[in-house]
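Novice: structure for this input, please:
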Amino acid sequence: MSDYMYLLESLVNQEQNRLLTEVQSVAAEAGVAIYLTGGAMRDMLGGFPITDLDFTFEEHAPAKLAKLVSKRLPDAEFEENAVSKTVEIRMPGGATGSLRMAHIETPAKGGGTPKVKAAHLLDDLRHRDFTVNAIAISLAKASRGLIRDPMNGQSDLHNREIRLCYPAAFLDDPLRLLRTVRLRHRLNFQIEERTERYFNSAMESGAAAELGIADWRRELEMIADENQPSEILRELDTRHLLPVPGETLNLEGLAKFEKLRRMLPGRGSYWPLFLHVLVEETKPKDRAKFASLFGLKPAELEEGKKLKPQVTKLATALKAPAVRRPSHIYNTINPAPSSVILYLLYESDQRLIQDRLRNYLEKYLPEAGEITDAQVEATGAKPGTAQFARARATLIAAKLNEPPPPPPLPPAGPIGASNAPSIPARISR
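Specialist: Numbering: from 1, shown residues only. Next up is the predicted model:
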């Protein structure tokens, strides 16, 4: 196994590894030479968390391969896009991927459906958006671990630059204008000089006007999942790409929200809360315009408010006199959905509530996670029973309420020496 394959398999999580293993096995049985491409390769070689596993192959319909994969992954969801010759995959735990036939898209005039033509892998890579997304690794047995990098994307990863694969890429797909800004903030890269010129030229030609409501809806959902959505929206506004004035949005509140969101474990989706924060200070007229331009139903902007009763209930419970010890705080907060915890973190200005929420996230939750199933079984409780759950709760409470160790004693002096402070001798007069 090549060093690249070892690196890949060490970076994917358990569910991603399951998807990777089953797709490779199905492709091998079907005699399909398959490659891992796109964002997964960029993230693996650039040292970023791998979020998606995109598989590319030649001359085979993705639907047929997806049908074989679905038999091995019956709990996964599969969604076919016949136009782009792609099947999206979502695993039950949230891991995502796609099966994609190598192809080249030719944009249609007037914003119609693009023409899709089957292509060899290298041609497919050369016609992608950015060089860092145009890298592939073979998963076939005969060439396993072989890297294909026709656009020298590895060099741009090393130089931390975003560079277009070809000059007309923005004109072929104006959505790449938005993607450039989003990717720049995700990777913390600079936009390569010529790519910046192509970007500005595309803007001057009016390419952004071809972006439709569906494009903006899809892009906003992706921005919402980024670590710095407020900075992305600010730059889109500065570049005159945002379809609404940036000052009508609560970008300062969003910056606070995203920092708090990073305190919560995992990568849960907080779309209703994201929208709530983004437009909570927006005037009704501007809010209606925002919803229209981004393809949102007015009810979607109100979804976050529906959490308010749960948030109020949790706040009241945290201030109860009976909640004193760490285990009490843990047991009060732990049953609450993460969205409710995040909402309360964002909204409350009460020091007691803020301290208890932060202690829960930063101390109590990690400490509770240290209790293993083996420790619970050692109490005599059987897994899957109510007794097992009670035993775990007891062990967690004991760990959280354990008093801190006493401070270390000062070091002892030499034998015969006194540690008492010296008293100056009386001075005779």
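Novice: just how off-centre is stretch 361-375 within its chain?
Specialist: Centroid displacement of stretch 361-375 relative to its chain, using CA atoms, centre = their mean, to the nearest Å, is 23 Å.
Novice: and it, what's buried?
Specialist: Neighbour counts over stretch 361-375 (16 or more other CB atoms under 10 Å) mark 361, 364-365, 368, 371 as buried. Yep, even glycine has a C-beta here, placed from its N, CA and C like the rest.
Novice: before we move on, what about stretch 144-155?
Specialist: Neighbour-count burial for stretch 144-155, counted by 16+ other CB under 10 Å, picks out 145, 148-151, 153-154.
Novice: run through the stretch 51-200 of the chain and note the low-pLDDT ranges.
Specialist: Along the stretch 51-200 of the chain, the model assigns pLDDT under 70 to residues 108-112.
Novice: now do the strands in it.
Specialist: Using DSSP state E, counting those that start in this stretch, the strands of the stretch 51-200 of the chain run over 52-57, 77-81, 86-90, 96-101, 103-106, 115-118, 136-138, 147-148, 161-162, 190-191.
Novice: list the contacts of the first one.
Specialist: It stands for strand 52-57. Strand 52-57 is contacted from outside by 12, 16, 19-20, 23, 27, 32-40, 65, 95-102, 121, 124, 136, 139, using CB atoms under 8 Å, 6 or more residues apart in numbering.
Novice: the second one now?
Specialist: For strand 77-81, contacts defined as CB under 8 Å, 6+ apart pick out 62-63, 66, 69-70, 86-90.
Novice: now the buried members of these.
Specialist: Burial by neighbour count, 16+ other CB under 10 Å: within the contacts of strand 77-81 this picks out 62, 66, 69-70, 86-89.
Novice: need the max-distance pair from the residues you listed.
Specialist: Based on CB to CB, the longest span within the buried ones among the contacts of strand 77-81 runs between 70 and 86 and measures 15.0 Å.
Novice: tabulate the buried ones among the contacts of strand 77-81 in JSON lines, adding columns for distance to residue 175.
Specialist: Formatted as JSON lines, those follow (distance: CB to CB, whole Å):
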{"residue": "62", "distance to residue 175": "21"}
{"residue": "66", "distance to residue 175": "24"}
{"residue": "69", "distance to residue 175": "28"}
{"residue": "70", "distance to residue 175": "29"}
{"residue": "86", "distance to residue 175": "15"}
{"residue": "87", "distance to residue 175": "20"}
{"residue": "88", "distance to residue 175": "17"}
{"residue": "89", "distance to residue 175": "22"}
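Novice: which of these lies closest to residue 196?
Specialist: When the buried ones among the contacts of strand 77-81 are compared for distance to residue 196 (CB to CB), residue 86 wins out at 29.6 Å.
Novice: separation between the residue nearest to the closest one when sequence neighbours are not counted and residue 196?
Specialist: Nearest in space to residue 86, with sequence neighbours left out and distances taken as CB to CB, 6 or more residues apart in numbering, is residue 100 at 4.7 Å. Here the criterion is CB to CB, to the nearest Å. By it, residue 100 lies 29 Å from residue 196.
Novice: and for residue 342?
Specialist: Taken as CB to CB, the span from residue 342 to residue 196 is 36 Å.
Novice: check residue 353 too.
Specialist: 46 Å.
Novice: the two: which has the busier surroundings?
Specialist: Here residue 353 and residue 196 are compared on neighbour count by other CB atoms under 10 Å; more neighbours surround residue 353, at 18 against 15.
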